[in-house]
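Asker: Just to be clear, the model below is a prediction. Sequence and coordinates:
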Amino acid sequence: MGRRPPRRRLRLAAAWLGALLLISAGCAPAQVPGGTLADRLNSSLHKGGAAFDDNFATGSAAGSDWFAALSGAAATFRQPDGQTLVVSATVPGDRRPATWTLRVQLDDTGRIQSVAPTPDRPIWALGPVDSTTTTHGTLLSAGLDASARGEWAERLDRAAALVRRASPAGGNTWTGGLVVEVPANGSDFQAITNELPNTASALTACGTGTPRVVVNPLILDQPDAWLDSTLVHEAVHVATDSACVPAGQSLPWAVEGLAESVTAQVYPATAARNRELVVAYLRENPVPTALPATLENLTSYALAQLAVDQVRAHVGENADDLLGRAIRGSGSVTPAELRRVTRWYLSALRRIAATR
């Protein structure tokens, strides 16, 4: 859809005419609060739920949903024009403030009536959200009962601690915090991540300027081992800040390979599964001639892990430097370095192929 122009304030003469018509009809004009909507939201956020809710149209439950998620999140509001609201918030676990640009429809009194569908919508603009503060961050969930929230809070803390201990390449600036979002359904997952719900078990998204893990609610019935390893994988992306690196400045095999390599270190089942995937791949395919470029399934992730593992085996203490540059500034990886990594990777594949 094309961009809609901001609402225009009525000219003074038109406003007086409208008021006269209302009076002549025996009705009082609707009362419009003073100040901009952003000013009122900023002020009322610190006065309590009732005051904040007064910025929303009568009958809307959105005020309560927003307040529950933002009242403890150091939130601020800005209004570039009559239909645009910029919201920034930081919850425990965020690396940087998260910022959303919302297109809002206001009623005749200047209160929020609805929010237009836009990319990277916040979970709290989609319905009721429970905010759970954990030791290492925050869980934002929709539709989970208390028991499930407790399990995910523990999973968040466990993943953060494991990845912090592993100290992945490029993660030296990470303080160990995670924000995990579990939306209510697949369509909400798509609204938050801009990805179809059948594409991934979870994603680390950075559309708001800070990496947050968004769990696909369609996988919540998977075994705990899968959920645990999935969250560790995503926590590596948060630690390395890879999701926030501009497009084209990361090498995919390094980004996903490192996440799988760390996960395989802490979960033997992941290591065993990835070994089996590589063996199965070589049964059906010849040894490739280059590093993995398109990573779209578990087998490609397993192959990427093998490449990263070879870097770590051959370079030792300097592996972090090479992998960090491959993830956060691929232009600094020289052709000679890439040739060496490719040679190590292909040699490892040939050894596996010879013994399968």
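Answerer: Thanks, I have it. Numbering: from 1, shown residues only.
Asker: only C-alpha atoms for contact and neighbour calcs from this point on.
Answerer: Will do.
Asker: so what's R121 up against?
Answerer: Contacts for R121 (Cα atoms under 8 Å, 6 or more residues apart in numbering) come out as W100, L102, A191, I192.
Asker: swap in S261?
Answerer: S261 touches Q305, L306, V308, D309, counting by Cα under 8 Å, 6+ apart.
Asker: any idea which of these has the most stuff around it?
Answerer: Neighbour count (other Cα atoms under 10 Å) singles out Q305 as the most crowded of the contacts of S261, with 30 neighbours.
Asker: ok, for that one, nearest residue in space, not its chain neighbours?
Answerer: G257 (3.9 Å; Cα to Cα, 6 or more residues apart in numbering).
Asker: which of the residues in stretch 48-60 are buried?
Answerer: Buried residues in stretch 48-60, counted by 16 or more other Cα atoms under 10 Å: G49, A51, F52, D53, D54, N55, F56, A57.
Asker: Turn these into JSON lines, columns for distance to G248 and secondary structure.
Answerer: What follows is the buried residues of stretch 48-60, written out as JSON lines (distance: Cα to Cα, whole Å; DSSP: H, G, I helix; E, B strand; the rest coil):
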{"residue": "G49", "distance to G248": "44", "secondary structure": "helix"}
{"residue": "A51", "distance to G248": "46", "secondary structure": "helix"}
{"residue": "F52", "distance to G248": "42", "secondary structure": "helix"}
{"residue": "D53", "distance to G248": "43", "secondary structure": "helix"}
{"residue": "D54", "distance to G248": "45", "secondary structure": "coil"}
{"residue": "N55", "distance to G248": "42", "secondary structure": "coil"}
{"residue": "F56", "distance to G248": "41", "secondary structure": "strand"}
{"residue": "A57", "distance to G248": "44", "secondary structure": "coil"}
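Asker: Give me the contact list for stretch 287-294.
Answerer: Applying Cα under 8 Å, 6+ apart, the external contacts of stretch 287-294 come out as 251-253, 300, 303-304, 307, 342, 345-346, 349-350, 353.
Asker: can you do 10 Å?
Answerer: Among residues not part of stretch 287-294, those counted as contacts by Cα atoms under 10 Å, 6 or more residues apart in numbering are 251-254, 257, 281-282, 300-307, 338-339, 341-343, 345-350, 352-353.
Asker: repeat for stretch 318-325
Answerer: Against stretch 318-325 from outside (Cα under 10 Å, 6+ apart): 167-172, 240, 242, 249-251, 253-255, 257-258, 308-313, 315, 326-327, 329-334, 337-338.
Asker: Now, those that are in helices?
Answerer: 240, 253-255, 257-258, 308-313, 315, 326-327, 337-338 (DSSP state H).
Asker: of those, buried ones?
Answerer: Using 16+ other Cα under 10 Å, the buried members of these are 240, 253-255, 257-258, 308-312, 326-327.
Asker: among these, which two are most distant?
Answerer: Largest separation among these by Cα to Cα: T240 and Q310, giving 19.3 Å.
Asker: Tell me which helix or strand comes right after the helix or strand of the chain with the lowest mean pLDDT.
Answerer: Among the helices and strands of the chain, helix 12-24 carries the lowest confidence by mean pLDDT, DSSP states H and E, at a mean of 36. Once helix 12-24 ends, the next helix or strand along the chain (criterion: DSSP states H and E) is helix 37-44.
Asker: how about that next one: buried residues?
Answerer: Neighbour-count burial for helix 37-44 [16+ other Cα under 10 Å]: L37, A38, R40, L41, N42, S44.
Asker: That one: how far from the chain's middle?
Answerer: Relative to the chain's own centre, helix 37-44 is displaced by 26 Å; criterion: Cα atoms, centre = their mean, to the nearest Å.
Asker: Report the rounded mean pLDDT for that helix.
Answerer: For helix 37-44, the mean pLDDT works out to 95.
Asker: likewise stretch 235-255?
Answerer: Rounded mean pLDDT across stretch 235-255 is 95.
Asker: cool, stretch 63-83 as well?
Answerer: Stretch 63-83 comes out at a mean pLDDT of 93.
Asker: Just the endpoints, please. Distance across that stretch?
Answerer: Taking Cα to Cα, to the nearest Å, stretch 63-83 runs 17 Å from one end to the other.
Asker: hey, C-alpha coordinates of stretch 254-263 in PDB?
Answerer: Extracted in PDB, the C-alpha atoms of stretch 254-263 (Å, rounded to 0.1, in the frame of the first residue of the first chain):
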ATOM      1  CA  ALA A 254      30.300 -18.000   9.600                       C
ATOM      2  CA  VAL A 255      27.100 -16.500  11.100                       C
ATOM      3  CA  GLU A 256      25.200 -19.800  11.200                       C
ATOM      4  CA  GLY A 257      28.200 -22.100  11.500                       C
ATOM      5  CA  LEU A 258      29.400 -20.400  14.700                       C
ATOM      6  CA  ALA A 259      25.900 -20.600  16.200                       C
ATOM      7  CA  GLU A 260      25.700 -24.300  15.400                       C
ATOM      8  CA  SER A 261      29.300 -24.900  16.600                       C
ATOM      9  CA  VAL A 262      28.600 -23.300  20.000                       C
ATOM     10  CA  THR A 263      25.300 -25.200  20.300                       C
END
